[in-house]
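Q: sequence unknown, structure follows:
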């Protein structure tokens with residue numbers, strides 16, 4: 001039996017959040033009535049690969065897949081694979097398209113999706129402040145229609161749903177207290193954010209997700225610009241990084257679920273709906289898991305010292321982001337429509353005021 005009195009603050013937080021995982025409504029799908037008859041041809045079998053490694057995958061994908069498999073009643077089974085287990089992450093899209101895998105959970109930028117909106121997947125600088133911003137823009141501002149339109153032009157890949165993950169912070173072995181301190185630091189990060197932050201001298205480095213820990217230990221990496229406090233603590237990067245920059249580059253990551261179109265069309269309508277419903281439950285769980293964890297670990301977590309870039313310097317970053325938005329908007333008509341939605345949404349939130357902004 002674990003002696004809770006000897007747990008550090010972060011260990012207590014993580015333990016309570018893992019307990020929450022076992023009781024979350026993600027598992028509610030398992031209580032649905034299973035069809036009485038299994039197709040004579042045997043169960044449908046899918047292989048799904050996520051962008052995340054196993055420690056993070058325990059929260060962002062495994063509960064959903066477990067719930068779906070239980071509720072499918074033997075009619076369908078999804079085999080879950082974590083980052084780089086079947087194919088390298090950079091080959092996820094091509095492997096999905098050719099049917100090597102049947103489904104993917106990732107952002108567009110990380111999986112090298114060949115659509116003109118791929119730059120918006122993952123962390124697009126200052127596009128969001130809160131996780132709820134992602135769902136709101138997809139539901140009320142038309143991002144869902146733009147995503148469907150973009151993937152409708154791609155052979156054999158179906159976009160299913162987008163949700164919010166954690167905010168983007170920078171965690172490093174040496175402190176960042178100014179923009180100059182970013183210069184020369186090699187960080188593991190999501191492509192779009194890395195592209196933006198490189199203007200301040202940060203050096204994006206690509207390694208397999210499972211190799212990040214070793215790369216931090218050997219000095220190949222000076223830090224990570226990939227996640228928020230929750231993931232940094234959950235997967236062990238907080239044990240190797242000494243400092244956490246409180247300035248957030250964006251408030252929430254855009255992540256999506258995709259299916260191989262041929263595979264998706266072979267799934268009966270009731271199982272398609274079950275899969276989409278468990279995705280929605282997963283979105284719900286992650287919103288709460290990240291929102292609560294980010295605050296508690298920033299305040300109570302003991303493993304990293306908090307640093308901040310002065311407001312006057314950070315104002316330069318937010319100003320540069322406006323230029324970055326306009327550059328991306330000019331890259332295609334569709335990209336321009338996405339950026340306009342970001343601007344319209346931000347303006348509405350500012351006018352609405354508290355609690356929206």
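A: Noted; the coordinates are in hand. Model, not experiment: these values are computed from the prediction. Residues are numbered from 1 along each chain as shown.
Q: what helices or strands is the helix ranked longest in the chain leaning on?
A: Scanning the chain for the longest helix, with DSSP state H as the assignment, gives helix 269-300. If you count contacts as 3 or more C-beta pairs under 8 Å, 6 or more residues apart in numbering; DSSP states H and E, helix 269-300 packs onto helix 9-23, helix 54-60, helix 62-71, helix 132-140, strand 157-164, helix 229-234. For glycine as for every other residue, the C-beta is placed from the backbone atoms N, C-alpha and C.
Q: C-terminal to it, what's the next element?
A: strand 305-307 (DSSP states H and E).
Q: Adjacent strands (with direction) for that next one?
A: Paired strands of strand 305-307, with direction, are strand 243-250 (parallel) (DSSP bridges).
Q: report the angle between the axes of the longest helix of the chain and helix 62-71?
A: On the basis of axes from the mean of the first three to the mean of the last three C-alpha atoms, to 10 degrees, helix 269-300 is oriented at 150 degrees to helix 62-71.
Q: Of all the residues in helix 269-300, which ones are buried?
A: Residues 271, 274-275, 277-279, 281-283, 285-287, 289-291, 293-294, 296-298 are the ones in helix 269-300 that count as buried (16 or more other C-beta atoms under 10 Å).
Q: what does stretch 45-56 give?
A: 46-54, 56.
Q: swap in stretch 344-353?
A: 345-346, 349.
Q: Surely residue 243 touches residue 172?
A: Yes. Checked against C-beta atoms under 8 Å, the pair residue 243 and residue 172 is within contact range at 5.2 Å.
Q: More neighbours: which of the two?
A: Neighbour tally, residue 243 and residue 172, criterion other C-beta atoms under 10 Å: the higher count belongs to residue 172, 26 against 18.
Q: What's the mean pLDDT across the longest helix of the chain?
A: Across helix 269-300, pLDDT averages out at 94.
Q: so what's the backbone phi/psi at the residue nearest to residue 61 when sequence neighbours are not counted?
A: Counting by C-beta to C-beta, 6 or more residues apart in numbering, residue 61 lies nearest to residue 50, which is 4.7 Å off, once chain neighbours are set aside. Backbone geometry at residue 50, expressed as degrees, to the nearest 10, gives phi -100, psi 160.
Q: Let me know the angle separating the longest helix of the chain from helix 132-140.
A: Per the same axes, to 10 degrees, the angle that helix 269-300 makes with helix 132-140 is 150 degrees.
Q: what angle do helix 269-300 and strand 157-164 make?
A: 30 degrees.
Q: Need the contact partners of stretch 202-214.
A: If you take C-beta atoms under 8 Å, 6 or more residues apart in numbering as the criterion, stretch 202-214 is touched by 51-53, 83-84, 88-90, 170, 182-189, 191, 194-195, 197-198, 215, 220-221, 224-226, 235-237, 240.
Q: Give me the buried positions along that stretch.
A: Neighbour count says stretch 202-214 has 202-205, 209, 211-213 buried, by 16+ other C-beta under 10 Å.
Q: Output those as TSV; include the columns pLDDT, distance to residue 105 and secondary structure.
A: What follows is these, written out as TSV (pLDDT from 0 to 100; distance: C-beta to C-beta, whole Å; DSSP: H, G, I helix; E, B strand; the rest coil):
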residue	pLDDT	distance to residue 105	secondary structure
202	96	27	coil
203	96	28	strand
204	94	22	strand
205	95	23	strand
209	89	13	helix
211	94	20	helix
212	95	19	helix
213	95	22	helix
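Q: For residue 142, state which of those residues is nearest.
A: Distance to residue 142 across the buried residues of stretch 202-214 (C-beta to C-beta) is lowest for residue 204, with 30.6 Å.
Q: If that closest one is in a bridge, with which residues?
A: residue 187.
Q: Next, work out how far apart it and residue 145 are.
A: 31 Å (C-beta to C-beta, to the nearest Å).
Q: try residue 87
A: From residue 87 to residue 145 the distance is 30 Å (C-beta to C-beta).
Q: Neighbour count: those two, which is higher?
A: Under the criterion of other C-beta under 10 Å, the comparison of residue 87 against residue 145 puts residue 87 first, with 17 against 11.
Q: I'd say that one and residue 101 touch.
A: Yes. With contact defined as C-beta under 8 Å, residue 87 reaches residue 101; the gap is 6.9 Å.
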